[in-house]
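Trainee: The following block contains a protein sequence and its predicted model.
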Amino acid sequence: MKISRSSKALLWLLGLLLAAVGAVTLYGWSVLSWSYSDGDRVGYVQKFSHKGWLCKTWEGELAMVTMPGAIPEKFYFSVRDEAAAAIINRTLGKRVSLHYTQHPGLPTSCFGETEYFVESARLDQ
């Protein structure tokens, strides 16, 4: 059986498309699996909302104040874990410590609007 030239071109195009989808999937998985950095930030969560049309994530803003009267530095973060989001919601207005991991280079904002993902939160005393 002889395959026509147009069928070969279509198969080649389909293979190229599947390879591209596989490469993007592998890249997204690897960026989410390994973190570039992790650490803690301490301050007051002043904004926290559940956002997104298709992929809902929690997005927040932590005001970090070094001394009274100083202009606070803002730390923008995303939360994908519902348990961590519930803890943050309970601690709004109080001084909290957020543990985060950084995942730069995510292929889409569906995972979160920022590259900083908060994994846990606790009251800072």
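Mentor: Looks like it came in fine.
Trainee: where does this protein have low pLDDT?
Mentor: Confidence mapping of the chain against pLDDT under 70 gives the ranges 1, 31.
Trainee: Outline the domain layout of it.
Mentor: Listed domain ranges for the chain are 1-34, 35-123 (source: automatic domain parsing).
Trainee: would you turn these into TSV with mean neighbour count?
Mentor: Yep, even glycine has a C-beta here, placed from its N, CA and C like the rest. Output for these, formatted as TSV (neighbours: other Cβ atoms under 10 Å):
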stretch	mean neighbour count
domain 1-34	10
domain 35-123	15
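Trainee: Would you check that residue 59 makes contact with residue 116?
Mentor: No: contact criterion Cβ atoms under 8 Å: residue 59 and residue 116 do not qualify, at 10.5 Å.
Trainee: Mutual contacts of the two, please.
Mentor: Common neighbours of residue 59 and residue 116 are listed as 76-78 (criterion: Cβ atoms under 8 Å, 6 or more residues apart in numbering).
Trainee: Narrow these to those in strands?
Mentor: Per DSSP state E, strands hold the following members of the shared contacts of residue 59 and residue 116: 76-78.
Trainee: Could I get the shared contacts of residue 59 and residue 116 in JSON lines, plus columns for distance to residue 112?
Mentor: JSON lines is the format used below for those (distance: Cβ to Cβ, whole Å):
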{"residue": "76", "distance to residue 112": "10"}
{"residue": "77", "distance to residue 112": "8"}
{"residue": "78", "distance to residue 112": "3"}
